[in-house]
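Visitor: fold the following.
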Amino acid sequence: MSDMIRNIFDTHAHYADRAFDEDRDEMLASLPDKGVRYVVLAASSIRDTVENSRLAEKYDYIYCAAGIHPEFADTNPDNYMGTLRDTIRSNPKVRAVGEIGLDYHYEGYNKEKQIRLFEEQLEFASEIDMPVIIHTRDATEDTMNILKKYRPRGVVHCFSGSAETAKEVIKLGMYIGFTGVLTFKNAKKALRALEEVPMDRLLLETDCPYMAPVPFRGKRCDSSMIAYTAEKAAEIKGLPVQELVDITCGNAKRFYGIV
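Guide: Below you'll find the predicted structure:
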């Protein structure tokens, strides 16, 4: 890209991931000079929740979420809710519950445990008046039925559903987050969904270290690479790239309550 994109808000990153163990602090210290203004760290487990909180306290531009991913439904500690409460109570930079949801992708998943964990965390988020970050994979029908039941303030992150599902999510008043998938050759479904998302409901994310956009596909992703995702989204929306990034940054600040 010719000009550096500024004002990037990466709404969903995983810098507690072990992929960053060798150079985490060096990476995080460098991002503001690469146009990154804010990052929200999504949690997958209790370990992530605690580490995210520590990183958010260390770096001014980082905020975080607390929550349990559905893949941990079978191994989640019984006292997890107490840890989530304590983390949120002790750190004002925790701005969401997540990522939470359903994932039926791998064999052997426990549907009942996933649904119970999802609903417990939705009820918790409602009780403490926090938005939620939703993960869903191969579980669209159950996810949408639960979202229609609870109607949370939230975002469906790393959106991979149809244009029709995107419309349903928007009807619930929720946001939709897109990753580097928009730049992939087989991204027609995601691009059609993007066309249905109003600009005031659009968020950009990396899901790093995963989902690196072209031309970095297959490599470790970081927040600065959102510029390439934004370039594709701006092409679809018919906007200058910086304008789209500015709008999505404003959306994210509103969603996460960042002044």
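Visitor: what are the C-alpha coordinates of the lengthiest helix in the chain, in PDB please?
Guide: Using DSSP state H, we find that the single longest helix of the chain is helix 111-128. Extracted as PDB, the C-alpha positions of helix 111-128 are listed here (Å, rounded to 0.1, in the frame of the first residue of the first chain):
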ATOM      1  CA  LYS A 111     -23.500 -29.500  22.100                       C
ATOM      2  CA  GLU A 112     -25.300 -29.300  25.500                       C
ATOM      3  CA  LYS A 113     -22.300 -28.100  27.400                       C
ATOM      4  CA  GLN A 114     -21.500 -25.500  24.700                       C
ATOM      5  CA  ILE A 115     -25.100 -24.100  24.800                       C
ATOM      6  CA  ARG A 116     -25.100 -24.000  28.600                       C
ATOM      7  CA  LEU A 117     -21.700 -22.200  28.700                       C
ATOM      8  CA  PHE A 118     -22.900 -19.800  26.000                       C
ATOM      9  CA  GLU A 119     -26.200 -19.000  27.800                       C
ATOM     10  CA  GLU A 120     -24.500 -18.600  31.200                       C
ATOM     11  CA  GLN A 121     -22.200 -16.000  29.700                       C
ATOM     12  CA  LEU A 122     -24.900 -14.200  27.900                       C
ATOM     13  CA  GLU A 123     -26.900 -13.900  31.100                       C
ATOM     14  CA  PHE A 124     -23.800 -12.700  32.900                       C
ATOM     15  CA  ALA A 125     -23.100 -10.000  30.200                       C
ATOM     16  CA  SER A 126     -26.700  -8.800  30.500                       C
ATOM     17  CA  GLU A 127     -26.400  -8.700  34.300                       C
ATOM     18  CA  ILE A 128     -23.300  -6.500  34.200                       C
END
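Visitor: can you tell me what sits against it?
Guide: 67-68, 70, 73-74, 76, 81, 84, 88, 96-97, 100-104, 131-132, 142, 146, 150, 152, 154 (C-beta atoms under 8 Å, 6 or more residues apart in numbering). Backbone N, C-alpha and C define where each C-beta goes, glycine included.
Visitor: and if you look at stretch 79-86?
Guide: If you take C-beta under 8 Å, 6+ apart as the criterion, stretch 79-86 is touched by 46, 49-50, 66-68, 77, 97, 120-121, 124.
Visitor: and those, which of them are in helices?
Guide: 46, 49-50, 120-121, 124.
Visitor: just to check, D10 is in contact with L204?
Guide: Yes. D10 is within contact range of L204, at 7.2 Å (criterion: C-beta atoms under 8 Å).
Visitor: pull up the overlap in contacts between those two.
Guide: Common neighbours of D10 and L204 (C-beta under 8 Å, 6+ apart) are I226.
Visitor: which of these two has more residues huddled nearby?
Guide: Shown here are D10 and L204; by other C-beta atoms under 10 Å, D10 has more neighbours (31 against 27).
Visitor: quick one: pLDDT of I133?
Guide: pLDDT, I133: 98.
Visitor: and for M1?
Guide: 56.
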